[in-house]
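*Asks:* Kindly generate the corresponding structure for this input.
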Amino acid sequence: MHASHRLTLLARLGFAARGVVYILVGWFALEAARTGGQPVDNQAALASLVDEPLGRALLLVIALGLLGYAMWRLLEAALDPEQRSKSTKGKLERAGSAISGITHLMLAVYAVRLAMHDTVAGGAAPGDSSAQGWSAWLMAQPGGTLLLILVGVVLFIVAAAQATKSWKATFMRDLDGGAPVPGYVRIAGRIGYGARALVFALIGWFFIRAALHANPDEAGGMGQALRELQGQHYGPVLLGLVAVGLFLFGLFSLVEARFRRLKVVAPTSGIG
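*Replies:* Modelled structure (predicted):
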């Protein structure tokens with residue numbers, strides 16, 4: 001099998017793995033909205049599988065999928081197979097692909113560590129501790145505060161891109177046009193991308209706030225974003241709506257695993 005074909009299969013497994021993670025996060029957030037408990041982030045959602053039957057084996061499969069997804073996104077950023085970098089929008093999309101690739105690579109490593117009984121950060125949102133840790137490191141570097149603000153700005157740009165996808169349903173262009181797509185798939189995608197836009201915007205604000213206040217403890221990830229929603233007026237309703245969106249995004253990712261058009265270019269041709 002050609003290297004690009006193997007990478008395509010891994011990327012499809014990656015969409016499925018991403019879907020499972022978002023379904024878990026959405027489900028736990030729905031439970032938190034209903035019971036008043038604490039929502040979890042993607043890392044804690046993975047940790048919930050550890051003690052389930054065949055949970056560690058499933059974590060290894062998810063890790064392989066996340067690794068495949070990360071490789072696909074990083075290759076998109078590095079090789080630009082669709083020649084998007086000719087425009088400013090395309091360059092931003094490549095930067096977004098790189099960030100996504102790095103994020104999912106880190107999540108894949110976390111899943112492997114969980115499966116191999118390694119000691120990892122516990123709690124409902126270990127991603128928040130990670131965000132605070134590297135924010136503190138970044139702020140200690142020359143110009144680190146400005147760089148942390150830049151991270152927040154980039155996340156705002158990512159949120160705007162997600163919101164645009166939600167509004168215009170441009171994600172449908174990436175699905176295989178060989179068969180008609182049911183309307184509910186479009187609806188699920190729009191709600192899912194809308195929920196992701198809100199979460200990314202909140203995370204971006206956390207980083208900017210941490211930089212402005214010179215307090216890395218104010219940085220955070222998905223867990224903190226969901227808790228922020230939960231703490232607002234009508235918080236359970238807000239959290240519940242976003243939880244449904246994240247759950248639907250997970251389902252839409254499973255559709256992408258099967259029907260998304262993928263153009264994967266291996267870093268070296270002729271590997272087979």
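
*Asks:* my read: Gly240 touches Trp27, true?
*Replies:* No. The pair Gly240 and Trp27 does not pass the contact test of C-beta atoms under 8 Å, sitting 11.7 Å apart. For glycine as for every other residue, the C-beta is placed from the backbone atoms N, C-alpha and C.

*Asks:* Would you mind listing the residues in contact with Trp27?
*Replies:* Ala243, Phe247 (C-beta atoms under 8 Å, 6 or more residues apart in numbering).

*Asks:* Run the chain-centre distance for the strand or helix carrying it.
*Replies:* Here Trp27, judged by DSSP states H and E, is contained in helix 3-35. Here helix 3-35 is found 9 Å from its chain centre; the criterion is C-alpha atoms, centre = their mean, to the nearest Å.

*Asks:* list the buried ones in that helix?
*Replies:* 3-4, 7-8, 10-30, 32-33 (16 or more other C-beta atoms under 10 Å).

*Asks:* what do you get for stretch 128-139?
*Replies:* Buried, per 16+ other C-beta under 10 Å, within stretch 128-139: Asp128, Ser129, Ser130, Ala131, Gln132, Ser135, Ala136, Leu138, Met139.

*Asks:* Out of those residues, which comes closest to Gln230?
*Replies:* Set against Gln230, the nearest of the buried residues of stretch 128-139 by C-beta to C-beta is Asp128 (14.0 Å).

*Asks:* Secondary structure element holding that closest one?
*Replies:* helix 126-139.

*Asks:* any idea of the angle the strand or helix carrying Ile102 forms with helix 3-35?
*Replies:* Assigned by DSSP H and E, Ile102 belongs to helix 88-115. For helix 88-115 against helix 3-35, the angle by axes from the mean of the first three to the mean of the last three C-alpha atoms, to 10 degrees is 70 degrees.

*Asks:* Can you give me the buried ones in helix 88-115?
*Replies:* So helix 88-115, judged by 16+ other C-beta under 10 Å, has buried residues 92-94, 96-97, 99-101, 103-105, 107-112, 114-115.

*Asks:* elements contacting it?
*Replies:* Helix 88-115 sits against helix 3-35, helix 42-47, helix 55-79, helix 144-168, with contacts defined as 3 or more C-beta pairs under 8 Å, 6 or more residues apart in numbering; DSSP states H and E.

*Asks:* rerun that using 10 Å as the cut-off
*Replies:* helix 3-35, helix 42-47, helix 55-79, helix 126-139, helix 144-168 (3 or more C-beta pairs under 10 Å, 6 or more residues apart in numbering; DSSP states H and E).

*Asks:* Let me have those in TSV, extended by mean pLDDT and distance to Ala201.
*Replies:* Below are the helices and strands packed on helix 88-115 laid out as TSV (pLDDT from 0 to 100; distance: least, C-beta to C-beta, whole Å):
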stretch	mean pLDDT	distance to Ala201
helix 3-35	90	17
helix 42-47	91	17
helix 55-79	90	21
helix 126-139	87	15
helix 144-168	92	4
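
*Asks:* mind giving me TSV with the ones you listed and columns for distance to Val185?
*Replies:* Listed next are these as TSV, based on distance: least, C-beta to C-beta, whole Å:
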stretch	distance to Val185
helix 3-35	13
helix 42-47	23
helix 55-79	20
helix 126-139	29
helix 144-168	14
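
*Asks:* for those, which one sits closest to Gly231?
*Replies:* That would be, of the helices and strands packed on helix 88-115 and by C-beta to C-beta, helix 3-35, which comes in at 11.6 Å.
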